Structures are given as C-alpha cells and as structure tokens.
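Engineer: here is my input; please provide its structure:
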Amino acid sequence: MRLLHTMLRVGNLEESLKFYCDILGMKLLRRKDYPGGEFTLAFVGYGDESDNTVLELTYSWGKEKYDLGDAYGHIALGVDDIYATCEEVKKRGGKVTREPGPMKHGTTVIAFIEDPDGYKVELIQLGTQGSSAQNETNQQLVNK
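Structural biologist: Okay, the predicted model is just below:
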C-alpha cells in the first residue's frame, strides 16, 4: 500500500490553485469538471501521481466557505531553507502564521502558513527533525 492523496474542499478553486502552484511551487497534474455532480477536482503536487503523494482540491460548485472544525490539523512540507521559503511565500502574497523557529519542547525548526481557505501548512526544515520525524510529530501533537 501507499498513500495516494489528501483531499481538501476549497471555496475558490482558482485562488487555491494560485496558492498551491504559484506560492508553494506545486504543479497542476490534472483537473476535471463533473457537471452531473456539480464539482471540479484538481490534483496538484511536486511530481507525478505514480510516484508521489498529491493533494486533491475539490470545489463544489457554488460552495464558497467551509467550517474547518477542530479535528483537522495540517499538511506538512519538508523544505531545505525554511527562512528563505517563508520570505518567498510572503513575497508571493502568502500568509505566514508562525515564523520559523524551533518547535515547542523540541529541536525541529518549523513554520506555519495558511492557504486561502484557512488550512494550515506546516513547513519543516529538513535535517532538524532529530532521530525520528514521526517521534517529533507525535510530540508536537502532545504539546498542543
């Protein structure tokens, strides 16, 4: 088995595509309208779906806002230079909601940004996760 994609419901597909493609550098891999169901699916990612996990952006026609609830956490992206990445995100019009720095009670250097629908995207400085990225992620959840 392998993880194929994560689906996010979006209120404005064009704004979401601008965020994920223009600000975060993903590529639009495929997009299809489903007139019978009145929705559009757009798949974005950093590589072909045959080798990479991607994001499915689902736009239900006419639905502009979603209640994100309190169960959803975030998606995470590993970056080589978190400080430069955050500056580039800001320069491109993105919103940094937590500036880069060590996570609470840990050594992993993280930052958070927010997409147009309010979904959080965690940036993780590669190489700072300690001995196990999963252990750090689990510790983050405990500390929240």
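Engineer: lowest average confidence, helix or strand, in this structure?
Structural biologist: Counting by mean pLDDT, DSSP states H and E, the chain has its least confident helix or strand at helix 133-143, which shows a mean of 46.
Engineer: doesn't E99 belong to a helix?
Structural biologist: No. In this structure, E99 is strand, not part of a helix, as judged by DSSP: H, G, I helix; E, B strand; the rest coil.
Engineer: hmm, it is touching A111, no?
Structural biologist: Yes. Look at E99 against A111 with C-beta atoms under 8 Å: they come within range, at 6.1 Å. Every residue, glycine included, has its C-beta placed from N, CA and C.
Engineer: so the two - more neighbours on which side?
Structural biologist: A111 (22 against 11; other C-beta atoms under 10 Å).
Engineer: show me what contacts that one?
Structural biologist: Residues counted as contacts of A111 (C-beta atoms under 8 Å, 6 or more residues apart in numbering) are 82, 85-86, 96, 98-101, 122-123.
Engineer: let me know whether T40 touches W61 as I believe.
Structural biologist: Yes. T40 is within contact range of W61, at 7.3 Å (criterion: C-beta under 8 Å).
Engineer: that'll do, ta.
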